[in-house]
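1. test case, fold it:
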Amino acid sequence: MAAKKRRLNKFRAFVFVLGFLVFIGAGAAFGLFVVSIKDLPVWQENWLSFNTPTVLYDQEEKLIASVGTKNSLPVKIKDIPLQVQQAFIAVEDERFYQHHGIDFQAIARAAWYNLKSGGIYQGASTITQQLVKISFLSAPDALPERTLKRKIQEAILAFLLERRLSKKEILERYLNEIYFGEGAYGIKAAAQTFFAKEPEELNLAETALLAGLPQSPNNYSPFQSPSRAIKRRDQVLQAMLKNNFIVQKQLEEVKKVSLSQILKPGKRNQYPYPYFVDYVTEQLVKSYGEEMVYKGGLQVYTTLDTHIQKAAEKALANKSNFPSSVRDGNGIVQPQGAAIILDPQNGYIKALVGGREHTHLRAWNRATRESRSPGSALKPIVVYGPAIELKGLGPASIVDDVPVKYGSFTPHNYDGRYRGLVTLRTALAYSLNVPAVKILMDEVGLPQSLSFARALGIPLEDKVQGPSTALGGLHKGVTPLQMAAAYGAFANQGTYFEPAVILKVETSNGKVLYEHQLKPYPVMKPTTA
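-> Numbering: from 1, shown residues only. Coordinates of the predicted model:
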């Protein structure tokens, strides 16, 4: 009897604790709901998302460019082909015409998928919620996107929006507001930017490519990441097939279409120093996101020296500085070139040119993104620098320039000759390969050499490098920007500065979001440099 009574008491205690926790949880949820409503933006008939371009200044605080939504052209839903509408619905919100702003089925499906996957890999935002996010909740002082309060506000506003606007009106506003990359907001601007077409002229291949961009314009850019763009396009096609918007034959035909067959960049925004402005824009987007950069009215102070920039651009544009030019299969002039000029005393990028021509916004920047083997230019960084700094060798130290073999690797000098005993100064001056490899392997050692290079901003990996590292034989390659910054340390008494292009970022009302702080990294003694 006593045991039965104890079990009953335990059960009552469990029920009490459970009830108390439910009560506390419900109270907290209700409180969060009330707070979310309290700060809810007021819906207005003439609502527009904030739409102020970001302004860039040079090192003297003179205006150089504005980066924003000039390339935003509204279009009526009746002028947007049905197939275009279907593509976005299929990939972004397949139950768009069934839900009332919030898709509980999609939420449950995403929750189950994420639970099985052990992370957040799938979302459930409807087109209405996305419109709310970019129109009401994208101001510079808005809540972070992933807070629970933000999600509650988003859901409430989506529900209210569905009661005020028809589905067609919501879809029209959505297709005119979303960002596609390359400075294009809205389907009309996107069609012109990527294909030099009007929306009503888009074919299925072009439509599917555009419909895949808004989820992540940077990652799926056909200019920057063509393979990812193709993969995303195919996902859109599969979604359209699943929803019976196209048939299997159409899907297979479009998959055969290459990007080069359809991409035809239209008239781009015109601004001076385009490669420099593009690079600044990329850095801003990484820190603040597309919406803030293109519509948030940031004030950005850069390191640009316009006199040096103009000289660099002029040199790259001068055809007489290159062998006879041709255009490759993609219409890009060859051979190519790039220029990066920075101040070694602080790492400030004074000028940057990423190619001989600038064909579209955020074009491929060879100065910052093109990784190539540096060849013998790497010798001071991986051979002579660490040999002098770490091993006590000097310009007059002797190395024997004779045939040598390391495993299956046999280095040879450029002229096939061997010079016997030579000084380090001679070996470097004549860019002799055999002495460089011998110093790396016999004196410095790969681990210390790679560590020295990494301190200079050259990202070398231990597992994939060998004797050929002395000759610039790298697994991944380096960019002109990385090489310029590394050599800057030799010109700055052995002190390295990470390259910087942005000095300060402010909001439109003057609040400082970022201010660059100089961080010197002593890598070698002044005598070594």
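2. now do the end-to-end distance for stretch 347-363.
-> Terminal residues of stretch 347-363 lie 24 Å apart, using CA to CA, to the nearest Å.
3. now swap in stretch 326-341 and tell me
-> 27 Å.
4. where does the stretch 151-300 of the chain have low pLDDT?
-> Scanning the stretch 151-300 of the chain with the threshold set as pLDDT under 70 gives 266-270.
5. mind listing the helices for it?
-> 167-177, 187-195, 204-211, 226-242, 248-255, 259-262, 274-295 (DSSP state H, counting those that start in this stretch).
6. make a markdown table from those and add mean neighbour count and distance to residue 363 to it.
-> C-beta coordinates here come from the backbone N, C-alpha and C atoms, glycine included. Supplementary listing: the helices of the stretch 151-300 of the chain in a markdown table, determined by neighbours: other CB atoms under 10 Å; distance: least, CB to CB, whole Å:
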| stretch | mean neighbour count | distance to residue 363 |
| --- | --- | --- |
| helix 167-177 | 20 | 25 |
| helix 187-195 | 25 | 13 |
| helix 204-211 | 26 | 18 |
| helix 226-242 | 18 | 13 |
| helix 248-255 | 13 | 26 |
| helix 259-262 | 14 | 15 |
| helix 274-295 | 21 | 7 |
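7. mind listing what residue 465 touches?
-> 446, 450, 474, 475 (CB atoms under 8 Å, 6 or more residues apart in numbering).
8. touching, residue 369 and residue 479? I think so.
-> Yes. In this structure, residue 369 is within contact of residue 479 by CB atoms under 8 Å, at 6.5 Å.
9. more neighbours, these two?
-> residue 479 (21 against 15; other CB atoms under 10 Å).
10. wait, isn't the more buried one in contact with residue 373?
-> No. Contact criterion CB under 8 Å: residue 479 and residue 373 do not qualify, at 11.6 Å.
11. ok, now how distant is residue 56 from residue 286?
-> Noted for residue 56: a distance of 16 Å to residue 286, by CB to CB, to the nearest Å.
12. ignore what I typed, I meant residue 447.
-> From residue 447 over to residue 286 the distance is 32 Å, taken as CB to CB.
13. ditto for residue 238
-> On the measure of CB to CB, residue 238 and residue 286 end up 30 Å apart.
14. do residue 446 as well
-> 33 Å.
15. got it, and residue 432?
-> 42 Å.
16. equivalent analysis for residue 443, please.
-> From residue 443 over to residue 286 (counting by CB to CB), the distance is 40 Å.
17. could you do residue 402 as well?
-> Remark: distance between residue 402 and residue 286 (CB to CB) = 50 Å.
18. got it, and residue 128?
-> 29 Å.
19. export the helices of the stretch 151-300 of the chain as TSV, with columns for distance to residue 392.
-> As requested, those are exported to TSV (distance: least, CB to CB, whole Å):
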stretch	distance to residue 392
helix 167-177	64
helix 187-195	58
helix 204-211	59
helix 226-242	48
helix 248-255	62
helix 259-262	55
helix 274-295	40
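20. of these, which is nearest residue 83?
-> helix 204-211 (5.9 Å; CB to CB).
21. can I get that closest one in PDB? Just the C-alpha atoms.
-> Output in PDB follows, covering the C-alpha atoms of helix 204-211 (Å, rounded to 0.1, in the frame of the first residue of the first chain):
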ATOM      1  CA  LEU A 204      13.000  28.200 -70.900                       C
ATOM      2  CA  ALA A 205      16.800  28.000 -70.500                       C
ATOM      3  CA  GLU A 206      17.100  31.600 -69.600                       C
ATOM      4  CA  THR A 207      14.100  31.500 -67.300                       C
ATOM      5  CA  ALA A 208      15.400  28.500 -65.400                       C
ATOM      6  CA  LEU A 209      18.800  30.200 -64.900                       C
ATOM      7  CA  LEU A 210      17.200  33.400 -63.600                       C
ATOM      8  CA  ALA A 211      14.800  31.600 -61.300                       C
END
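22. output the contacting helices and strands for it.
-> Applying 3 or more CB pairs under 8 Å, 6 or more residues apart in numbering; DSSP states H and E, we find helix 204-211 packed against helix 82-92, helix 187-195, helix 226-242, helix 248-255, helix 259-262.
23. let me know the angle separating the longest one from helix 248-255.
-> What separates the directions of helix 226-242 and helix 248-255 is an angle of 170 degrees, with axes from the mean of the first three to the mean of the last three CA atoms, to 10 degrees.
24. do a quick rundown of the helices in the stretch 351-500 of the chain.
-> Taking DSSP H, counting those that start in this stretch to define them, one finds helices in the stretch 351-500 of the chain at 366-369, 379, 385-391, 424-429, 433-438, 446-455, 480-491.
25. rank the ones you listed by pLDDT, which is bottom?
-> Of all the helices of the stretch 351-500 of the chain, the minimum mean pLDDT falls on helix 366-369 (a mean of 90).
26. quick one: distance of it to the chain centre.
-> 13 Å (CA atoms, centre = their mean, to the nearest Å).
27. just after it, pick out the following helix or strand.
-> helix 379 (DSSP states H and E).
28. out of the helices and strands packed on helix 204-211, nearest to residue 291?
-> Using CB to CB, the nearest of the helices and strands packed on helix 204-211 to residue 291 is helix 187-195, at 15.3 Å.
29. that closest one packs against which elements?
-> Short answer (3+ CB pairs under 8 Å, 6+ apart): helix 187-195 packs on helix 167-177, strand 179-181, strand 184-185, helix 204-211.
30. looking at these, which is closest to residue 426?
-> Comparison of the helices and strands packed on helix 187-195 against residue 426 by CB to CB identifies strand 179-181 as nearest, at 52.3 Å.
31. which other residues reach the closest one?
-> Against strand 179-181 from outside (CB under 8 Å, 6+ apart): 134, 185-187, 189-190, 193-194, 210, 213-214, 217-218, 220-221, 290-291, 294, 362.
32. repeat that with 6 Å
-> 185, 190, 213, 217, 221, 290 (CB atoms under 6 Å, 6 or more residues apart in numbering).
33. tell me, how many residues neighbour the third one?
-> Each residue near residue 213 was counted by other CB under 10 Å, and the total is 25.
34. what's the distance between the nearest residue to it once chain neighbours are set aside and residue 88?
-> Among residues not flanking residue 213 along the chain, residue 180 sits closest, at 4.6 Å (CB to CB, 6 or more residues apart in numbering). Distance of residue 180 to residue 88, computed by CB to CB: 11 Å.
35. again with residue 388
-> From residue 388 to residue 88 the distance is 61 Å (CB to CB).
36. of these two, which one has the most company?
-> For residue 388 versus residue 88, neighbours defined as other CB under 10 Å are more numerous around residue 88 (25 against 21).
37. these two touch, right, the more buried one and residue 212?
-> No. If you go by CB atoms under 6 Å, residue 88 and residue 212 don't touch, sitting 9.7 Å apart.
38. for the residue nearest to residue 63 when sequence neighbours are not counted, what are phi and psi?
-> Leaving aside its chain neighbours, residue 63 sits nearest to residue 57 (5.9 Å; criterion: CB to CB, 6+ apart). Residue 57 adopts backbone torsions of phi -120, psi 150, taken as degrees, to the nearest 10.
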